[in-house]
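**Q** output the structure for:
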Amino acid sequence: MERKVRVLVAKPGLDGHDRGAKVIARALRDAGYEVIYTGIRQTPEMIAEAALQEDVDVVGLSILSGAHMALVPRVIEALKKMGMEDVVVLVGGIIPDEDVQPLLEMGVAGVFGPGTLTSEIVATIEQALGRELVS
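**A** Below you'll find the predicted structure:
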């Protein structure tokens, strides 16, 4: 039996608004993933440590504070320092269009704004993991 994909959903930085992160965590759980939600106000190092401890395949970062260009590179670097460069990183939240390409270039597999369909997030995860999407 194949192991379920494990997804860590995290809120880095000082952003305390987590309704969207909880909605996404629930939707991914409903889609068949095992989801770990770390809660609000996590440092990049805390997120990477949780990803390591939980042996996750995907880290989803929910950022509404505007600090995505500072926090995402720190999370990616912390994951690399722990030998987790193969973990898929996704970013959701209020991300200006001009920041999407730089985030993708730094290794983010997908950037999602408000109103993104869960099916689009699932398709991105499956593609990033090299899996066939079962419909």
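**Q** just checking, Gly13 touches Ser62?
**A** No - judged on Cβ atoms under 8 Å, Gly13 makes no contact with Ser62 at a distance of 10.1 Å. Every residue, glycine included, has its C-beta placed from N, CA and C.
**Q** okay, these two: which has more neighbours?
**A** Ser62 (26 against 21; other Cβ atoms under 10 Å).
**Q** how many neighbours does the nearest residue to the more buried one once chain neighbours are set aside have?
**A** What sits nearest to Ser62 in space, not counting adjacent residues and going by Cβ to Cβ, 6 or more residues apart in numbering, is Ala21, at 3.8 Å. Ala21 has 24 neighbouring residues, counting by other Cβ under 10 Å.
**Q** what separates Ala21 from Gln127, distance-wise?
**A** Applying Cβ to Cβ, to the nearest Å, one obtains 22 Å for the distance of Ala21 from Gln127.
**Q** could you do Glu54 as well?
**A** Note on Glu54: its distance to Gln127, by Cβ to Cβ, is 22 Å.
**Q** ok, Thr116 touching Gly92?
**A** Yes - under the criterion of Cβ under 8 Å, Thr116 lies in contact with Gly92, with a separation of 7.1 Å.
**Q** more neighbours: which of these two?
**A** Taking Thr116 and Gly92 together and counting by other Cβ under 10 Å, Gly92 has the greater number of neighbours (22 against 15).
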